[in-house]
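Engineer: next come a sequence and a model predicted from it.
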Amino acid sequence: MKRWYVLAVIFLFLLILIISCSFNDTDQSDGGGYMPQKAVLPIDYNQGVKKVGTWGYEGEPVTLKISMDIDEEIFRERYKEKVESKFPAITLELMSGSANGLKSEDLPDIQLGRSTAFLEAPLADFESLDGYIEVTNFDYTIFEEEVIERQRTLDPTGSGHLYSLPLENNKFALFYNKDIFDLLGESYPEDGMTWEELIDLARGLTLERNQTEYRGLGIFDPSHIPFVQLQVSGTDPATGEVLFVNHPDTKKYFDWLDQFRSIPAILSANDGEEDGFEKRSQNIAMVVRNRSLVEALAIYENFNFGTVSVPGWEGQLNSGDTEDGVLSLAIAKESKHKEAAWAVIAFLTSESQKVERVPCSSVYDEGYEWFMRDKTIEFLHSNKDVVSFIREMGEEYRVIVDDMKARDYDIVPCMRR
């Protein structure tokens, strides 16, 4: 009897232990539908690096390659000097252009890009930052809560991993060449213009003068900014149903593009690739570009330009702070200097604190932005009517959604707390 009693007590103790462990291992949601999992760190922060309340770098001297689509001068002023002053053991080197086809040893350690763009590459290309945040006690409450939440919902596995930290909003302005306006006798654009008014202005600036073909407005990347302002959802987050096809603002946008392409000689074969605003012949009067272009234009001597807010739509004018997503920094999985890369990312994102609230969207819209960019350029250089083109777009995007549903990971809708 005594032996059976002892065995019963042991069995009961083991049962309680198993239940307790199972409960603790279950992901607990804080209301957002997910719980970030701890990342496995490739470095040991207990060896020579303070563990709590710091993200400094105390390792050996390293050269970090960072991929950014900016010129050397802006890179030096905005990032390189600041980072190297903070971390004497780190040399920051700019890599421009695509990393496709490069050997692993030539790949960047840090990459700057839109949050959604990171997920268009294989997930294994980037390092989960959750472990770094936890171990170094990084305070990401400096960002808007919904920005970080949005970053986590972009994890297509549904696990809520954070693969990049937001650096700044990607804001735009309307740039114009004052010399072209003066030559052609047109008044400069103003804040608060509508897209319809911009068409009329561009029409009067598209002509030949002194053997130069002037174009009133350059349409290229980011060609779809007018559509971004309309905030047309691509799909239903729960079902993946394509919504933009039947939305009246989609037709409104393509009707506007139809007016634009009807202006004789305003289009160029180079639209969508390289522009002639500050480069080449400088024959384009106006462009919509990232605000950072102001600094880049400093290298062009005697280039006389001005900026105003991005136009808006009649009846729903924007504040002039048109955005095209969040620019974020990520660590490449192939990097051999992840500790230093994390220190740089933590420092730069802490310094900026420029990131604001980003609207939630369907996970089926993962490629929606780039799809709309491509379709904008395709439509401008086609002879198709608006209704037929939108219908064909819908058919194409349904195929994309079906492909996403067929992938071997669970797709979750955008989540809110």
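Structural biologist: Received the coordinates, thanks.
Engineer: quick check: Thr194 touching Gly312?
Structural biologist: Yes. Contact status for Thr194 versus Gly312: in contact at 6.3 Å, counting by Cβ atoms under 8 Å. The way it works is simple: take the backbone N, C-alpha and C, and place the C-beta from them, glycine included.
Engineer: which one's more surrounded, those two?
Structural biologist: Comparing Thr194 with Gly312 by other Cβ atoms under 10 Å, the one with more neighbours is Gly312, at 20 against 15.
Engineer: any idea how far the more buried one is from Ser233?
Structural biologist: Going from Gly312 to Ser233 by Cβ to Cβ, to the nearest Å gives 19 Å.
Engineer: and for Tyr176?
Structural biologist: Between Tyr176 and Ser233 the distance, using Cβ to Cβ, works out to 32 Å.
Engineer: how many neighbouring residues does Phe143 have?
Structural biologist: 22.
Engineer: got any ranges where the stretch 251-400 of the chain has weak pLDDT?
Structural biologist: 269-275, 295, 317-325, 352-361 (pLDDT under 70).
Engineer: show me where it has its helices.
Structural biologist: Assigned helices in the stretch 251-400 of the chain, in chain order: 293-296, 338-352, 368-380, 386-405 (criterion: DSSP state H, counting those that start in this stretch).
Engineer: of the ones you listed, which is nearest Tyr132?
Structural biologist: Counting by Cβ to Cβ, Tyr132 lies closest to helix 338-352 out of those; the figure is 4.7 Å.
Engineer: mind listing residues that contact the closest one?
Structural biologist: The contact list for helix 338-352 (Cβ atoms under 8 Å, 6 or more residues apart in numbering) reads 42-43, 45, 49, 55-57, 59, 62, 64, 66, 79, 82-83, 86-87, 89-90, 92, 109-110, 127, 129, 132, 136, 138-139, 142-143, 165-168, 329-332, 335.
Engineer: drop anything exposed from these.
Structural biologist: Among the contacts of helix 338-352, the ones that count as buried by 16 or more other Cβ atoms under 10 Å are 43, 45, 49, 55, 57, 59, 62, 64, 66, 79, 82-83, 87, 90, 92, 109-110, 127, 129, 132, 136, 138, 143, 165-168, 329-332, 335.
Engineer: sitting in helices, which of those residues do you find?
Structural biologist: 82-83, 132 (DSSP state H).
Engineer: the longest strand seen in the chain vs helix 338-352, what angle?
Structural biologist: Scanning the chain for the longest strand, with DSSP state E as the assignment, gives strand 165-177. Calculated by axes from the mean of the first three to the mean of the last three Cα atoms, to 10 degrees, strand 165-177 forms an angle of 60 degrees with helix 338-352.
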